[in-house]
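Participant: make a model of this:
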Amino acid sequence: MPRFLTPIECPSSLHAGNPHANRVSVPHQYRHRNGPCSPVQAKQELSRGEMLRRDRERTEYVIRRASRSRSKRLLDDGAVSVPTQLGSSYDSQQYVATVGLGTPAVPQTLILDTGSSLTWVQCKPCNSSQCYPQRLPLFDPRTSSSYSPVPCDSQECRDLAAGTDVDGCTGDWDCAYQLHYGSGATPTGVYSSDALTLGPGAVVESFHFGCGHDQKGKFDMADGVLGLGRLLQSLAWQASAPHGGGVFSHCLPPTASSTGFLALGEPNDTSRFVFTPLLTMDEQPWFYQLMLAGISVGGQPLDIPPAVFREGVITDSGTMISLLQETAYEALRTVFRSNMAEYPLAPPVGGLDTGGATVHLDASSGVLDGCLAFWSSTGDEYTGVIGSVSQRTIEVLYDMPGGKVGFRTAAC
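Facilitator: Numbers count the residues shown, from 1 in each chain. Below you'll find the model as predicted:
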C-alpha cells in the first residue's frame, strides 16, 4: 500500500473536470479506497492477503453463478459524466463515487458495481447490530421532501421481483428487497424512490434504490453500492433520456492519486473505440459477458486453443483480480515468468503466485505489486472474469440497446 509523505491536493468534489463535454459529470472522481483523497477511510488497513482473499470469494461466487448459464448474442434492438475515484468495498482496490441523494441532496459515497443492478444505501433507523460503520452519517429518509417507499402492488416492485437476487413484495405494503453478494453479505431493506443528484443540474427524479436497514456482511466504510448492471433497476437505465438510457462508460484510474470517470449516456464520437458484441446469459441477465478471442503479450499471441474461451468472460468493476480459464492462465503465466526471468520469484501473495520481488511494476495493465493480477480457474469449462485491475486506464463503453461493448485506451 503506498505511503504519501507529503500532502496531496485532492480535486474538488463539486467542480471536477468533465472528460466528455457533451456528458454531465457526477461531482466526484473514482478514488482509490485507501488513497489520500478517498472519502472512505477504513478504521484499520487490511493486509494484501486479506484483500485478495475477499476478492477471490467474490470471483468464485460470480463464476459459480455464471457457469450455470449459456451464452447467446443479444439482438440489436445528452449524457451524464461522473468524475470519480478508485475505491474498494472489501478493502481491496475497487472504486467509489459520491452522489447526492434526497431533497436537499445528501452526499453518499457508493461502490461502483457493474456486477449488480440495484443501488442501495444504509438508512436510518439502523442500529450497530444491523448496519456496519460508515464514515458519513446514515441517510435519513425523513429529512428528504422527495422520498417515498415503493408500494408493494406497484409495477416497480414487480420489476424488482423479476431479478433473481431480490425479494420484491413480501406481503407488506412497502416493497422489500434482499441482495446476495459473493462475499456472503446480504443487504436488506425497503425499495424506495428519491431524487439522485449526479452533478450541477443533473438530477434523476424518482430514482429507485434500496433503503437498507439490515446489512449482514462487510462493505468497509462506504455508504452503499451503485448498481450499474443490466436490469431495469440499474442507474444505467434509470438515467434515461435526455441522458441516453442503457448506455454508459467508465474509466478506472491506475493509482490512488489519479482520477477516472463514470459517464452516463452515449458519447458523440465513438471513433476511438473498438467494439465487440455483448452477450447475455439465460439465468444471469445482469452480467456483462463478452467472447474472448485470444491473449497477446508484447504483441505476440499466446498459443491458446479458441475452444478454451467458449464460455466467454464477464467484465466486473466490483472484482479486482481477473480470472482466466486454466489453460489460458498457464500460458500467460509461462510467458510472464519468461519475460521476468532476470528477477527472483516472490513468495505467493494471497494466491497470486507469480512475480518479481525486486522491481515495482505499473499496476495499470494487469500487474499488481509485482505479481500477475490473474487467478486461474480449476478448468476450461468456466466463464472468465475481467476485473478492475485489467480495466484500468481504459474507457469501457457499455451500449445495451446496441448490444455491444467498446474499449478506448489511455482514457484516464
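
Participant: helix or strand for Glu156, which one?
Facilitator: Here Glu156, judged by DSSP states H and E, is contained in helix 155-161.

Participant: and the next helix or strand after that helix, what's its mean pLDDT?
Facilitator: Under the assignment DSSP H and E, the closest C-terminal helix or strand after helix 155-161 is strand 176-178. Strand 176-178 shows a mean pLDDT of 90.

Participant: ok, the closest residue to Cys412 other than its chain neighbours - contacts?
Facilitator: The shortest distance from Cys412 to any residue other than its chain neighbours is 3.8 Å, reached at Cys251 (CB to CB, 6 or more residues apart in numbering). Heads up, the C-betas are built off the backbone N, CA and C, glycines and all. Residues in contact with Cys251, defined by CB atoms under 8 Å, 6 or more residues apart in numbering, are 19, 30, 260-261, 393-396, 411-412.

Participant: what's the answer for Asp303, then?
Facilitator: Residues touching Asp303, when contacts are defined by CB under 8 Å, 6+ apart, comprise Ala331.

Participant: distance of it from Ala328?
Facilitator: 10 Å (CB to CB, to the nearest Å).

Participant: just Ala161 next, same as before
Facilitator: Spatial separation of Ala161 from Ala328 under the definition CB to CB is 38 Å.

Participant: when those two are compared, which one has more neighbours?
Facilitator: Using other CB atoms under 10 Å, the more surrounded residue of Ala161 and Ala328 is Ala328, with 24 against 18.

Participant: what's the per-residue pLDDT of the more buried one here?
Facilitator: In this prediction, Ala328 carries a pLDDT score of 89.

Participant: could you look up the SS state of Ser338?
Facilitator: Under DSSP: H, G, I helix; E, B strand; the rest coil, Ser338 falls in the helix class.

Participant: look at it and say how many residues are nearby.
Facilitator: Neighbour tally, Ser338, other CB under 10 Å: 9.

Participant: kindly report the same for Pro137.
Facilitator: A count of nearby residues for Pro137, using other CB under 10 Å, gives 12.

Participant: all helices of the chain, in order?
Facilitator: Secondary structure of the chain (DSSP state H): helices at 48-66, 155-161, 235-238, 326-339, 388-391.

Participant: lowest average confidence across these, which one?
Facilitator: In terms of mean pLDDT, the lowest-scoring of those is helix 48-66 (a mean of 55).

Participant: any chance of a PyMOL selection covering the buried ones in the contacts of Cys251?
Facilitator: Listed next is the PyMOL selection for buried residues among these, using 16 or more other CB atoms under 10 Å:
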select buried, resi 19+30+260+261+393+394+395+396+411+412
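
Participant: pLDDT and distance to Pro133 added to the contacts of Cys251, as CSV?
Facilitator: As requested, the contacts of Cys251 are arranged in CSV below (pLDDT from 0 to 100; distance: CB to CB, whole Å):
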residue, pLDDT, distance to Pro133
Pro19, 51, 33
Tyr30, 45, 23
Gly260, 90, 26
Phe261, 92, 29
Thr393, 88, 32
Ile394, 88, 34
Glu395, 91, 34
Val396, 92, 32
Ala411, 90, 34
Cys412, 85, 31
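
Participant: between the contacts of Cys251, which sits nearest Thr197?
Facilitator: For these, the minimum distance to Thr197 (CB to CB) is 16.7 Å, reached by Phe261.

Participant: where's the closest one relative to Ile304, distance?
Facilitator: Summarising the geometry, the distance separating Phe261 from Ile304, computed by CB to CB, is 33 Å.

Participant: which residues touch Asn339?
Facilitator: 297-298.

Participant: number the chain from 59, please
Facilitator: With 59 as the first residue, the last one maps to Asn397.

Participant: burial count for Arg466?
Facilitator: For Arg466, the number of neighbouring residues by other CB under 10 Å comes to 19.

Participant: and it, bridged to which residues?
Facilitator: Note on Arg466: beta-bridge partners Glu453, judged by DSSP bridges.

Participant: contacting residues around Pro359?
Facilitator: In this structure, Pro359 makes contact with 352-353, judged by CB under 8 Å, 6+ apart.

Participant: run through the bridge partners of it.
Facilitator: Counting by DSSP bridges, Pro359 forms beta bridges with Ser354.

Participant: what's the distance between it and Leu455?
Facilitator: Distance, Pro359 to Leu455, by CB to CB: 25 Å.

Participant: what of Gly445?
Facilitator: Applying CB to CB, one obtains 18 Å for the distance of Gly445 from Leu455.

Participant: swap in Trp178?
Facilitator: When distances are taken as CB to CB, Trp178 and Leu455 turn out to be 25 Å apart.

Participant: Arg391 now?
Facilitator: Note on Arg391: its distance to Leu455, by CB to CB, is 30 Å.

Participant: circling back to that earlier point, I'd like the contacts of Cys309 laid out as JSON lines, including distance to Gly240.
Facilitator: Shown next, in JSON lines, are these (distance: CB to CB, whole Å):
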{"residue": "Pro77", "distance to Gly240": "31"}
{"residue": "Tyr88", "distance to Gly240": "21"}
{"residue": "Gly318", "distance to Gly240": "23"}
{"residue": "Phe319", "distance to Gly240": "26"}
{"residue": "Thr451", "distance to Gly240": "25"}
{"residue": "Ile452", "distance to Gly240": "23"}
{"residue": "Glu453", "distance to Gly240": "26"}
{"residue": "Val454", "distance to Gly240": "20"}
{"residue": "Ala469", "distance to Gly240": "28"}
{"residue": "Cys470", "distance to Gly240": "27"}
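
Participant: tally of neighbours for Phe267?
Facilitator: The burial metric for Phe267, expressed as a neighbour count using other CB under 10 Å, is 31.

Participant: isn't it right up against Gly247?
Facilitator: No. Between Phe267 and Gly247 there is no contact under CB atoms under 8 Å: 9.5 Å.

Participant: next, show the common contact partners of the two.
Facilitator: Shared contacts of Phe267 and Gly247, counting by CB under 8 Å, 6+ apart, come down to Trp178.

Participant: tell me the domain boundaries of this structure?
Facilitator: Following automatic domain parsing, one gets these domains for the chain: 81-104+138-322, 332-466.

Participant: tell me the bridge partners for Asp232.
Facilitator: When bridges are called by DSSP bridges, Asp232 pairs up with Pro209.

Participant: my read: it touches Asp211, true?
Facilitator: No. In this structure, Asp232 sits apart from Asp211 without contact. The criterion is CB under 8 Å, and the distance is 10.5 Å.

Participant: where does the stretch 209-358 of the chain have low pLDDT?
Facilitator: By pLDDT under 70, the low-scoring segments of the stretch 209-358 of the chain are 220-230, 298-302.
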